[in-house]
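J.: Return atomic coordinates for the entry below.
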Amino acid sequence: MERRSPADKLIALVGLSLASGALLCLAGCEDTARHTTATYHPPTIQDSTTQQPGIILKIGALPLNQARWHTVLLAAMPPDGVDRLARQVRAVYTAGGQEQKTGHNDAAREDYNHALDLLLASGFDISKEPSLSELFNGIMASLPTVQSPAAQNAEPTEPPEIASEQQSTPSPLDEINAITTLSGEETPAAPGDAGLRTNAEGELRAVSHDLPLTLNDPVLSFLNFFQTARGRAIVETGLRRAGRYSAMIQRVLAEEGLPGDLMYLAQAESAFQPQALSRAGARGLWQFMSFRGKQYGLEHSWWVDERQDPEKATHAAAHHLRDLYQMFGDWYLVMAAYNSGPGTVQHAVERTGYADFWEMYKANVLPQETRNYVPIILALTLIAKDPARYGIDVTPDDPLKVDRVQPGHSLDLRLAAETIDVDVDTLRLLNPQLLRLVTPSDPRFMLQLPVGKAEEFEAGMAEIPPENWLSWRRHRVEEGETLASIARRYRVTPASLAQVNGLDAQARVAADRKLIVPVSAQSQPTLGALVRYRTRKNDTVESVADQFNVTVTELKKWNGMRTNRMVAGMRLKIYPGVTGPMPTQSAVAVKPASSVKTAGQAGQQVTHRVREGETLWSIAQAYQTTIEALRSGNRFLFNRPLQAGDTLLIVQPR
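T.: Below is the predicted model of the structure:
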């Protein structure tokens with residue numbers, strides 16, 4: 001029998017297959033040919049089993065009858081997610097252990113962190129899954145063993161957490177102006193009925209006041225508005241919150257020799273809400289714009305915004321109002337200038353020839369918001385002096401009574417709150433100028449605590465080294481908790497937790513005992529370095545730029561924004577700036593001013609070549625100037641962040 005080659009066998013096999021296909025096709029080919037218009041191009045297949053490049057096989061088209069074609073779905077059992085995750089984490093964890101055995105601590109640390117991230121990102125409740133809990137405990141015990149000596153002994157150079165700035169509240173003036181410019185029953189287009197005028201006139205004769213109170217149609221119109229549901233809500237909010245700050249405001253105004261009734265500017269501006277924010281970017285009880293606040297000594301940095309410090313802002317507002325009175329000599333013009341700026345009022349005086357607010361009102365030479373501003377304040381003053389006369393019954397909040405302490409070092413507000421057994425929101429309420437969860441490192445900074453808590457705070461903080469105030473925490477033990485479960489919660493080892501509290505690692509801790517938790521410090525982005533921010537409801541380009549101490553132009557340029565439109569959920573790129581002292585020494589070394597080559601005389605210009613690692617903040621500190629001054633003198637910084645190799649023009653401060 002003749003031996004057949006592999007190629008001959010393949011040809012015979014293909015021929016048999018074609019013959020079988022033809023028989024199977026007889027019943028369906030005709031239908032398919034009738035109903036299909038597609039052209040089929042048979043593939044060319046080369047036999048890879050032979051080393052004969054000349055043999056090429058072509059397979060003809062096999063028409064398929066769609067009516068006879070069936071799909072079979074194969075059901076698969078879903079894999080066990082916990083087991084699969086455990087295998088994956090164990091493999092990475094084991095690899096880290098092998099790296100550690102060979103002395104490759106950096107690679108081991110990377111593997112351990114990766115394994116930990118896989119667990120934490122999985123969404124499983126680790127404490128309820130024994131296999132995952134065991135892995136978690138093992139990883140947490142292994143991580144400290146691969147820390148470099150420098151990392152173990154290094155002091156934290158940045159706060160452990162940079163939280164988003166506290167939620168701002170809209171300025172009531174924005175709300176009033178938005179409502180009163182709309183058509184409808186709540187628009188104060190008419191001064192109200194005769195009874196309202198009679199009632200207000202009776203009040204003027206009965207109450208004392210140290211500001212002139214005019215009662216005319218514009219004032220009556222806003223008195224009428226404040227009788228509506230929305231207007232009444234604005235008034236009641238302000239009157240209730242006034243109890244917290246009115247005594248302090250009256251004291252400061254008296255110290256500055258100003259009328260006490262000027263307090264009601266703050267009711268109109270913010271309803272006595274320190275976090276009030278206008279659409280234009282004004283902040284605080286007295287709604288200072290950033291430039292005006294700095295003019296009157298209110299610091300605004302990444303860490304604090306003293307426009308939101310009630311007492312400091314009140315002193316600044318008193319100084320500003322006193323300066324305006326020296327300019328205009330009339331309290332109504334002072335109010336108008338406080339709202340729109342002295343230049344706007346001065347220009348209106350020049351246009352009309354009258355240094356009289358009501359003449360300017362009639363001539364319509366002031367912005368609409370400013371025309372409304374003075375009548376709003378007068379209407380609010382009348383209501384605040386006798387709320388019951390207008391059917392308003394509000395119980396003012398109690399005055400804020402505080403103890404002031406001077407920590408001398410940066411500290412995490414959570415640690416402070418846990419030390420004196422209050423919640424963080426209480427400390428934020430008493431310290432609204434703090435923008436983050438940490439206090440600045442400025443030794444002059446005064447932290448306000450609930451009255452009676454100063455001694456407890458000082459005694460508790462003395463138990464923790466100051467270099468750990470930014471990372472360590474306190475924890476009050478709850479029933480059923482163990483050292484191991486508490487250690488897992490804070491991502492520390494049971495041994496370190498026991499050691500810092502002077503306990504045996506196997507000791508049982510009694511419920512209600514307060515433990516010190518030695519949480520590891522976490523590094524944060526250097527100021528001037530890229531950060532990400534996800535916008536929230538009511539954010540505007542002005543408010544976000546103000547929050548991060550950058551300009552609107554910069555913010556829009558970095559994010560390719562052509563308009564000021566902003567919606568919740570946008571993810572922005574920001575290079576935050578700072579004008580005040582850092583809370584801790586920056587990771588970037590700042591050369592002292594004496595080591596920088598300067599012209600040596602105030603007012604002279606010098607140039608500076610930017611080196612790798614320098615930031616606007618470090619350069620501003622070295623030359624004893626501000627970031628704003630650097631940007632103003634180097635306009636390209638409004639369009640892009642600072643880069644190594646840039647040449648800056650710097651004017652020596654006078």
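
J.: which SS state does residue 279 fall under?
T.: Judged by DSSP: H, G, I helix; E, B strand; the rest coil, the three-state class of residue 279 is coil.

J.: shouldn't it be in contact with residue 173?
T.: No - no contact is recorded between residue 279 and residue 173 when judged using CB atoms under 8 Å, the distance being 9.6 Å. In this view, the C-beta of every residue, glycine as well, is placed from N, C-alpha and C.

J.: Mind checking which of those two has more residues around it?
T.: Neighbour tally, residue 279 and residue 173, criterion other CB atoms under 10 Å: the higher count belongs to residue 173, 23 against 15.

J.: who touches the helix or strand containing the more buried one?
T.: Using DSSP states H and E, residue 173 falls within helix 172-180. With contact meaning CB atoms under 8 Å, 6 or more residues apart in numbering, helix 172-180 is reached by 186-188, 222, 225, 230-231, 234, 237-238, 268-271, 276, 278-279, 287, 368-369, 372-373, 376.

J.: Could you check the following helix or strand past it and say which residues are buried?
T.: Past helix 172-180, further along toward the C-terminus, the next helix or strand under DSSP H and E is helix 194-206. Within helix 194-206, the residues that qualify as buried are 197, 199-200, 203, counting by 16 or more other CB atoms under 10 Å.

J.: and the helix or strand just after helix 194-206, which residues are buried?
T.: Secondary structure here is assigned by DSSP H and E; on that basis, the next helix or strand after helix 194-206 toward the C-terminus is helix 217-225. Using 16+ other CB under 10 Å as the burial criterion, the residues of helix 217-225 that qualify are 218-225.

J.: likewise stretch 471-482?
T.: For stretch 471-482, the buried set under the neighbour-count rule, 16+ other CB under 10 Å, comprises 471-475, 477, 481.

J.: Check stretch 445-463 too.
T.: Result for stretch 445-463 [16+ other CB under 10 Å]: buried residues 445, 447-450, 453-454, 457-458, 460-461.

J.: any idea which of the residues you listed is the one closest to residue 537?
T.: residue 448 (28.9 Å; CB to CB).

J.: pLDDT of stretch 247-257, averaged?
T.: For stretch 247-257, mean pLDDT rounds to 95.

J.: can you list contacts of it?
T.: 259-260, 262-263, 266, 310-311, 314-315, 318-319, 322, 399.

J.: Determine which two of those residues are furthest apart.
T.: 322 and 399 (25.0 Å).

J.: and residue 277, what is it in contact with?
T.: Shown here is residue 277, whose contacts under the criterion CB under 8 Å, 6+ apart are 168-171, 283, 543.

J.: Most neighbours of all the residues you listed, which one?
T.: Ranked by neighbours (other CB under 10 Å), the contacts of residue 277 are led by residue 283, which has 28 neighbours.

J.: So that residue versus residue 425, what's the distance?
T.: In this structure, residue 283 and residue 425 are 19 Å apart, going by CB to CB, to the nearest Å.

J.: Over to residue 479?
T.: Using CB to CB, one obtains 25 Å as the distance from residue 479 to residue 425.

J.: Same check on residue 435?
T.: Applying CB to CB, one obtains 15 Å for the distance of residue 435 from residue 425.

J.: Show me which of those two is the more surrounded one.
T.: The residue with more neighbours, out of residue 435 and residue 425, is residue 435; 22 against 11, by other CB under 10 Å.

J.: Pull the number of nearby residues for residue 413.
T.: Here the neighbour count serves as a burial measure; for residue 413 (other CB under 10 Å) it reads 20.

J.: On the pLDDT front, check it for me.
T.: 95.

J.: give the contact list for it.
T.: Residues near residue 413 by CB under 8 Å, 6+ apart: 424, 427-428, 431, 434, 437-439.

J.: Which residue, neighbours along the chain excluded, lies closest to residue 289?
T.: The shortest distance from residue 289 to any residue other than its chain neighbours is 5.1 Å, reached at residue 282 (CB to CB, 6 or more residues apart in numbering).

J.: Now do the helices for the stretch 51-200 of the chain: every range, in order, please.
T.: Along the stretch 51-200 of the chain, the segments classed as helices by DSSP state H, counting those that start in this stretch run 81-101, 105-120, 130-142, 149-153, 172-180, 194-206.

J.: Please name whichever of those helices is nearest to residue 298.
T.: Among those, the nearest to residue 298 by CB to CB is helix 172-180 (19.6 Å).

J.: Show me which positions of that closest one end up buried.
T.: Within helix 172-180, the residues scored as buried using 16+ other CB under 10 Å are 172-174, 176-177, 179-180.

J.: pLDDT on it, on average?
T.: When pLDDT is averaged over helix 172-180, the result is 82.

J.: out of the buried residues of helix 217-225, who's nearest residue 355?
T.: The nearest member of these to residue 355, counting by CB to CB, is residue 218 at 18.7 Å.

J.: And the pLDDT at that closest one?
T.: At residue 218 the predicted local confidence, pLDDT, stands at 93.

J.: Grab the nearest non-local neighbour of it.
T.: The spatial neighbour of residue 218 that comes closest, neighbours along the chain excluded (CB to CB, 6+ apart), is residue 375 at 4.0 Å.

J.: Quick check: that neighbour is in a helix.
T.: Yes - going by three-state DSSP, the assignment for residue 375 places it inside a helix.

J.: gap between residue 466 and residue 408?
T.: Taking CB to CB as the criterion, residue 466 is separated from residue 408 by 8 Å.

J.: these two touch, right, residue 616 and residue 627?
T.: Yes - judged on CB under 8 Å, residue 616 makes contact with residue 627 at a distance of 4.8 Å.

J.: So which residues of the stretch 301-450 of the chain form strands?
T.: If you assign secondary structure with DSSP state E, counting those that start in this stretch, the strands in the stretch 301-450 of the chain sit at 402-405, 447-450.

J.: May I see the ones you listed organised as CSV, with mean pLDDT and distance to residue 535 added?
T.: Written out in CSV, the entries for the strands of the stretch 301-450 of the chain read as follows (pLDDT from 0 to 100; distance: least, CB to CB, whole Å):
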stretch, mean pLDDT, distance to residue 535
strand 402-405, 96, 33
strand 447-450, 97, 30
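
J.: can you list those in a markdown table and add distance to residue 145?
T.: Below are these laid out as a markdown table (distance: least, CB to CB, whole Å):
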| stretch | distance to residue 145 |
| --- | --- |
| strand 402-405 | 38 |
| strand 447-450 | 37 |
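
J.: closest one to residue 301 among those strands?
T.: So among those, strand 447-450 is nearest, using CB to CB, at 16.2 Å.

J.: Which strands and helices lie in contact with the closest one?
T.: Packing contacts for strand 447-450, counted by 3 or more CB pairs under 8 Å, 6 or more residues apart in numbering; DSSP states H and E, involve strand 402-405, helix 413-420, helix 424-430.

J.: if you compare those, which one is most tucked away?
T.: Each of the helices and strands packed on strand 447-450 was scored by mean neighbour count; the highest is helix 413-420, a mean of 22, by mean count of other CB atoms under 10 Å.

J.: CA atoms of that one as PDB?
T.: Taking only C-alpha atoms (Å, rounded to 0.1, in the frame of the first residue of the first chain), the coordinates of helix 413-420 have been written out as PDB:
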ATOM      1  CA  LEU A 413      -8.500  69.100  65.800                       C
ATOM      2  CA  ARG A 414      -9.600  65.500  66.200                       C
ATOM      3  CA  LEU A 415      -7.000  64.900  68.800                       C
ATOM      4  CA  ALA A 416      -8.000  68.100  70.600                       C
ATOM      5  CA  ALA A 417     -11.700  67.100  70.600                       C
ATOM      6  CA  GLU A 418     -10.900  63.600  71.800                       C
ATOM      7  CA  THR A 419      -8.700  64.900  74.600                       C
ATOM      8  CA  ILE A 420     -11.500  67.100  76.100                       C
END
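
J.: returning to what we had before: just the contacts of residue 277 now: which is nearest residue 208?
T.: residue 171 (29.1 Å).
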